[in-house]
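In: sequence-free structure coming up:
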C-alpha cells in the first residue's frame, strides 16, 4: 500500500482527502503545517511517504518554507502542490514540485497527478 503525507491545515479538507484517498487504497498521514511534516519526514522508519501533498498557506511553517526544507534534504519523494491560489504557479519553490493542482470540489486532477507520480 502506497503512503501519502497530506500537509494541510484545513480540517475539512484533511477529512475529505483522507477519506477519498483511503477509499482509493492509500495509507494517509496528516500534518497540519510544515513543522509537523518535517518531523514525520525525518523519522527513520518504514512509514516514510511515497508522495507528499503540500498546501502552501498554513500557520507556523507554510508550504514554501516546507518545500525548501524538502529540497535541501534531497528527499526523492514526489511533491504535489495543492492550493487554492493559482497566482503561486510561477513561484520558484512551487516550480520545484512534481505537480501543481488547484483545489477543487472535483478531485480528479489531484487523483490523476497522484497516480501518475506513483506510476500507477
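Out: Received, thanks. Source: prediction; values computed, not measured. Numbering: from 1, shown residues only.
In: against residue 73, how distant is the nearest residue to residue 28 once chain neighbours are set aside?
Out: Once flanking residues are discounted, residue 28 sits nearest to residue 18: 4.8 Å by Cβ to Cβ, 6 or more residues apart in numbering. Yep, even glycine has a C-beta here, placed from its N, CA and C like the rest. With the distance defined as Cβ to Cβ, to the nearest Å, residue 18 ends up 25 Å from residue 73.
In: what about these two, which has more around it?
Out: More neighbours sit around residue 18 than around the other of residue 18 and residue 73, counting by other Cβ atoms under 10 Å; the figures are 17 against 11.
In: for the helix or strand that one falls within, packing partners?
Out: For residue 18, the element it lies in under DSSP states H and E is helix 11-23. Secondary-structure packing of helix 11-23 (3 or more Cβ pairs under 8 Å, 6 or more residues apart in numbering; DSSP states H and E): strand 3-7, strand 27-31, helix 108-117.
In: hmm, who's touching it?
Out: Contacts of helix 11-23 with the rest of the structure, by Cβ atoms under 8 Å, 6 or more residues apart in numbering, involve 4, 6, 8, 28, 30, 32, 53, 55, 103, 107, 110-111, 114.
In: let's have those in JSON lines, adding distance to residue 77.
Out: Converted to JSON lines, those look like this (distance: Cβ to Cβ, whole Å):
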{"residue": "4", "distance to residue 77": "10"}
{"residue": "6", "distance to residue 77": "13"}
{"residue": "8", "distance to residue 77": "16"}
{"residue": "28", "distance to residue 77": "15"}
{"residue": "30", "distance to residue 77": "16"}
{"residue": "32", "distance to residue 77": "19"}
{"residue": "53", "distance to residue 77": "11"}
{"residue": "55", "distance to residue 77": "16"}
{"residue": "103", "distance to residue 77": "21"}
{"residue": "107", "distance to residue 77": "21"}
{"residue": "110", "distance to residue 77": "17"}
{"residue": "111", "distance to residue 77": "18"}
{"residue": "114", "distance to residue 77": "13"}
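In: what's the lowest-mean-pLDDT helix or strand in the chain in contact with?
Out: When the helices and strands of the chain are scored by mean pLDDT, DSSP states H and E, helix 92-95 comes last with a mean of 82. Contacting residues not belonging to helix 92-95 are listed as 56, 63-64, 67-68, 71, 81, 88-89, 100 [Cβ under 8 Å, 6+ apart].
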